[in-house]
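Colleague: Give me coordinates for this.
(one chain, ligands or ions: 1)
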Amino acid sequence: MQKIKDKLLKGTLIGLLSLLGYQIGLTGVNEYLRRNSTKFENKKQLEEVLKSEIEKLEIKNKLIKVQYQKEDQADSRKTGTNEYVISIGPSFNNDNVLKHELYHIADGHCDYTYKLNEIYKKHPLLAPAVGFYNTSKYLFYNEPQAIIYTATGWEI
Ligand SMILES: [Zn+2]
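Modeller: Predicted coordinates:
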């Protein structure tokens with residue numbers, strides 16, 4: 001019995017350390033991409049990359065607005081039917097961050113979260129379960145996809 005407990009404990013520990021390593025690696029690559037990118041000096045530079053990425057990702061049918069924010073982070077979200085907003089903080093004002101957020105929009109990540117938010121509103125009791133699922137999907141599927149796209153240009 002002690003052996004089974006030891007193996008379970010060891011397996012759990014290895015699993016947790018693997019997850020931690022995975023997250024640290026992913027965060028490291030994302031941070032490297034953010035720091036080693038072309039900073040936008042003005043809105044025109046941002047709009048040129050925006051236009052080019054929208055064509056590359058074939059999302060001309062989506063209305064995408066980019067806004068600056070004081071919080072030093074970046075995110076993208078759906079705000080209505082075919083409408084999206086990318087918010088960019090001061091040190092996130094560069095081409096890699098913009099490409100990353102556009103990939104989230106192009107691959108439907110924002111649409112998915114938007115749908116889940118609708119479920120939250122209708123069924124508040126499901127919020128913890130749906131939230132856990134959404135966070136897991138974001139961390140282990142959507143975010144790696146966006147990071148790989150930013151690093152390599154591969155749409156996977
Ligand atoms: Zn992301």
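Colleague: who in the chain is up against the ion?
Modeller: By C-beta under 5 Å from the ion, the residues of the chain that approach the ion are 143, 146. All C-beta atoms are positioned from the backbone trio N, CA, C, and that covers glycine.
Colleague: just checking, residue 76 is part of a helix?
Modeller: No. Residue 76: not assigned to a helix; according to DSSP: H, G, I helix; E, B strand; the rest coil it is strand.
Colleague: Who is it paired with across the strands?
Modeller: For residue 76, the beta-bridge partners are residue 86 (DSSP bridges).
Colleague: Confirm for me that it is in contact with residue 107.
Modeller: No. Between residue 76 and residue 107 there is no contact under C-beta atoms under 8 Å: 10.9 Å.
Colleague: These two: who's more crowded?
Modeller: A count of neighbours by other C-beta atoms under 10 Å puts residue 76 above the other of residue 76 and residue 107, at 22 against 19.
Colleague: Next, work out how far apart the more buried one and residue 108 are.
Modeller: 12 Å (C-beta to C-beta, to the nearest Å).
Colleague: cool, residue 154 as well?
Modeller: Between residue 154 and residue 108 the computed distance is 17 Å (C-beta to C-beta).
Colleague: which one of those two has more residues nearby?
Modeller: Legend: neighbour count by other C-beta under 10 Å for residue 154 and residue 108, higher for residue 108 (13 against 9).
Colleague: tell me the contacts of the residue in the chain positioned nearest to the ion?
Modeller: At 4.5 Å from the ion, residue 146 is the closest residue in the chain, using C-beta to the ion. When contacts are counted by C-beta atoms under 8 Å, 6 or more residues apart in numbering, residue 146 is found next to 100-101, 103-104, 107, 109.
Colleague: hang on, residue 67 in a strand?
Modeller: Yes. Judged by three-state DSSP, residue 67 forms part of a strand.
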